[in-house]
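Enquirer: test case, fold it:
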Amino acid sequence: FATYGSYFSYCLYPAAGACLFAGLRKKGSRYNTLAWTLLVVGWFMAVYYSNSYNGSKVRELFGYVAGESAPIKSVLSWLFWVALYAWVAPVVVKLADDSDPDRLIAVGAAILVAGIVADIIANVRARGDAALYEYCEKFDKAKLDSLQVSPAEIDEALNLVEPRFIEILKTAADNIRAFHEKQVRNSFIINDRPGIVMGQKVIPVDRAGLYVPGGTAAYPSTVLMDAIPAKIAGVKQVVMVTPPGKDGKVNPVILAAAKIAGVDKIFKVGGAQAVAALAYGTESVPRVDKIVGPGNIFVATAKKLLFGTVDIDMIAGPSEILVIADGKSNPAHVAADLLSQAEHDKLASAVLVTDSEALAKAVREELERQIPLLPRAEIARASIDRGGKIIVAENLMQGIEISNEIAPEHLELMVDDPFAYLDAV
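Expert: Predicted coordinates for the structure are as follows:
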């Protein structure tokens, strides 16, 4: 991928268009216009990008035939993609005959995202800071003079954040530090028999990259929970990337959290381009050994494609929460906890499992009351409507069995004696 990333991205667009075409066609004739449109768009994107900044590589393939004639190279490039699409589209449509249309659409969308991300990665690797500045202006609507956050900007942020909130961040940092200090792994040597020495040396990476979301929401907790364990482990340099606002500045609470957590360098860049910059390094952004932190589908896809070039923590999907609650639980508290994750992403999943039908109805009413009050009500509404569920089980043990099948990212036991059920999880 590192060498042929641009070719990879061009080949994905026809496949994505074909999957979306097949899925929509199977859904019924009313989607025919949209299906044909996406099929053509998939081909057009392949052709367009093959003739853009990375497309010179594609045209070079035909240099031996066309010599130095740019028009002939371009024509041959277009013909290449016509031939490729003529082969890819029927194959995908044929394979899709017995597939579920919704799954085809989901696969097509995932392939399309992978194509876009692969192109971004190839561009950042080839052009470095220049690509980052362009993407920042394109996606974040911010025109920057410098990618790195200056000490003056950090001092300004500390002055803008309320002192009470600074104290809260410091308390949270102390709690996080106390927890993760218990997780430190130590080196060891075994020499219990003459002439035999075995052991393991545990050492930190030199440089870690932290991705901190900053687009639709700001999460200072992410800064603390990612940076503090790295510092405890002894990482020499912690580098943070986060998207700026339209004014070219980073949210003050994010910068305040970074200062408290001991982040060494901060850069105003987000999205797949930030992950690529950390993986390969640019003129400004140093190359790191490992990238951690949550992000949207483009960030997650970039981490997936670059795993191997750089280490990552995980490929995280949309946020999930499942609450197991008995009939004594406060419905307002249950609803609030469900919304704490639902507001993260329209694709998030919030599930309540209870043995009380009365609680189930009360939580549903409470959700309807609380959602309009949220600053991110639109996202929470879409998340609850799309992925929200309330499941009534016969008893709490059956509820835990349901939870084990779902295996959520976040699980709460909102019952009288949670430790009595903990071993069943």
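Enquirer: can you pull the contacts of the closest residue to residue 285 other than its chain neighbours?
Expert: Among residues not flanking residue 285 along the chain, residue 277 sits closest, at 4.2 Å (C-beta to C-beta, 6 or more residues apart in numbering). No exception for glycine: its C-beta is placed from N, CA and C like everyone else's. Residue 277 makes contact with 124, 128, 132, 241, 267, 269, 285, according to C-beta atoms under 8 Å, 6 or more residues apart in numbering.
Enquirer: helix, strand or coil for residue 277?
Expert: helix (DSSP: H, G, I helix; E, B strand; the rest coil).
Enquirer: state the pair within the contacts of residue 277 that is farthest apart.
Expert: The largest separation in the contacts of residue 277, counting by C-beta to C-beta, is between 128 and 241 at 14.4 Å.
Enquirer: all strands for the chain, in order.
Expert: If DSSP state E is used as the criterion, the strands of the chain fall at 188-193, 196-200, 207-211, 237-242, 265-268, 290-292, 311-312, 320-325, 349-354, 389-392, 410-414.
Enquirer: got phi/psi on the spatially most central residue of the chain?
Expert: Geometric centre of the chain, nearest residue: residue 295, 2.9 Å, by C-alpha atoms, centre = their mean. In terms of degrees, to the nearest 10, the main-chain angles of residue 295 are phi -170, psi -180.
Enquirer: need the pLDDT of residue 296.
Expert: Here the pLDDT value assigned to residue 296 is 86.
Enquirer: was I right to think it contacts residue 345?
Expert: Yes: between residue 296 and residue 345 there is a contact under C-beta atoms under 8 Å: 7.4 Å.
Enquirer: look at these two and report which has more neighbours.
Expert: More neighbours surround residue 345 than the other of residue 296 and residue 345, with 23 against 18 (other C-beta atoms under 10 Å).
Enquirer: against residue 308, how distant is the nearest residue to that one once chain neighbours are set aside?
Expert: Excluding the flanking residues, the one nearest residue 345 by C-beta to C-beta, 6+ apart is residue 318, at 4.8 Å. Distance of residue 318 to residue 308, given as C-beta to C-beta, to the nearest Å: 24 Å.
Enquirer: which one's more surrounded, these two?
Expert: Neighbour comparison, residue 318 and residue 308: the larger count goes to residue 318, with 19 against 10 (by other C-beta under 10 Å).
Enquirer: look up phi and psi at the more buried one.
Expert: phi -60, psi 150.
Enquirer: let me see the contact set for residue 124.
Expert: Neighbouring residues of residue 124 by C-beta under 8 Å, 6+ apart: 131-132, 135, 273, 276-277, 280, 282.
Enquirer: picking up where we left off before, which one among the contacts of residue 277 gets closest to residue 360?
Expert: Taking C-beta to C-beta as the measure, residue 241 is the one of those closest to residue 360, at 41.9 Å.
Enquirer: burial measure for that closest one, as a count.
Expert: The burial count for residue 241: 29, using other C-beta under 10 Å.
Enquirer: give me the beta-bridge partners of it?
Expert: residue 211, residue 267 (DSSP bridges).
Enquirer: correct me, but it touches residue 214?
Expert: No: counting by C-beta under 8 Å, residue 241 sits too far from residue 214 to count as a contact (9.4 Å).
Enquirer: give me the common contacts of these two.
Expert: By C-beta under 8 Å, 6+ apart, residue 241 and residue 214 have these common neighbours: residue 270.
Enquirer: ok, back up a step: restricted to helices, list the contacts of residue 124.
Expert: Judged by DSSP state H, the contacts of residue 124 include 131-132, 135, 273, 276-277, 280 as members of helices.
Enquirer: now the two most distant members of the residues you listed.
Expert: 135 and 280 (14.3 Å).
Enquirer: between the two, which is the more surrounded one?
Expert: Neighbours of residue 135 and residue 280, each counted by other C-beta under 10 Å, are more numerous for residue 135; the result is 22 against 19.
Enquirer: residues in contact with that one?
Expert: Counting by C-beta under 8 Å, 6+ apart, residue 135 touches 120, 124, 269, 271, 273.
Enquirer: next step: these restricted to helices.
Expert: 120, 124, 271, 273.
Enquirer: can you tell me which of the residues you listed lies closest to residue 161?
Expert: Of all the ones in helices among the contacts of residue 135, residue 161 sits closest to residue 271, with 25.2 Å by C-beta to C-beta.
Enquirer: counting neighbours, what do you get for the closest one?
Expert: With other C-beta under 10 Å as criterion, residue 271 counts 25.
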